[in-house]
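K.L.:
no sequence for this one, just the structure:
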């Protein structure tokens, strides 16, 4: 899913998050994005491209689409297109049936018209229309900022690192999350200030959800990878090793194809940990140390204790 498609879905569904305030006490609270309650890391050979906030938004829309209040007025747009900003005042006449709901137009040329329309075209309460349009404008600005630097490989690398952090279940072009998760990951990345202040296009929508740019997400991922390289490398290795092993089994060569498709983003993610070169050097030093210890044992077994001790002292830096 591209950042543009992600934002379009978000705009279409974001109104559903709190449109039933007076029934909130009777509903199960949605878990916060990135928290343990929001779900565990993706259980498959790869990384989820959809953030927890995105999944929760879709689930909320499915649950709440049929719960629009009969007799209340809402803002309706004639198409589901993102650029359709002409809102019309309508009243709900009956509960939804499937994906449609019965409305009556309350103003304009269609006043009094009674018809069934798609639920997704009811975008918000009529009293919330100004806030909806403000969020729409901010979303367009964020989308434009994201498109300036968006790159598929970088997006995938961010996705792996955010999932490795345990704070998010993935990343899909823009960082849509709650304030606590964003600030916590930002702090773990050892970055100063707040992620909300990092880019001028970042904003908080009318429901309190944080919408952060691709650039801010990249900075957070880079910072976290450098601050906690072990977490990132461990997560990547835990996905790579089973795929490597599977690829050598008859009929499972596709596992190696999957690894090859991951190679660019994993290389980028590892480069952000700033440990790739150091790790290779450490392995070489360890190999030479073991080789030297083996040489010492051979000298001793041949009766050349003096030479063995001399080399051992040099190995210890004495």
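P.N.:
Structure's in. What do you need? Not measured: the values here are computed from a predicted model. Numbering: from 1, shown residues only.

K.L.:
quick one, strands of the stretch 151-300 of the chain?
P.N.:
Shown for the stretch 151-300 of the chain, the strands assigned by DSSP state E, counting those that start in this stretch span residues 175-177, 203-204, 210-212.

K.L.:
so who does residue 117 touch?
P.N.:
Residues near residue 117 by Cβ atoms under 8 Å, 6 or more residues apart in numbering: 76, 90, 100, 101, 103. C-beta coordinates here come from the backbone N, C-alpha and C atoms, glycine included.

K.L.:
deepest-packed of the strands of the stretch 151-300 of the chain, please.
P.N.:
Compared across the strands of the stretch 151-300 of the chain, strand 175-177 shows the largest average neighbour count, a mean of 29 (mean count of other Cβ atoms under 10 Å).

K.L.:
who are the packing partners of it?
P.N.:
For strand 175-177, the elements it packs on are helix 52-64, strand 210-212, helix 214-227, judged by 3 or more Cβ pairs under 8 Å, 6 or more residues apart in numbering; DSSP states H and E.

K.L.:
mind putting the contacts of residue 117 into JSON lines with distance to residue 296 and pLDDT?
P.N.:
Shown next, in JSON lines, are those (distance: Cβ to Cβ, whole Å; pLDDT from 0 to 100):
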{"residue": "76", "distance to residue 296": "83", "pLDDT": "92"}
{"residue": "90", "distance to residue 296": "86", "pLDDT": "93"}
{"residue": "100", "distance to residue 296": "82", "pLDDT": "90"}
{"residue": "101", "distance to residue 296": "82", "pLDDT": "90"}
{"residue": "103", "distance to residue 296": "86", "pLDDT": "92"}
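
K.L.:
nearest to residue 197, of the residues you listed?
P.N.:
Nearest to residue 197 among these: residue 76, at 35.8 Å, using Cβ to Cβ.

K.L.:
quick one, which of the strands of the stretch 151-300 of the chain gets closest to residue 291.
P.N.:
strand 175-177 (47.4 Å).
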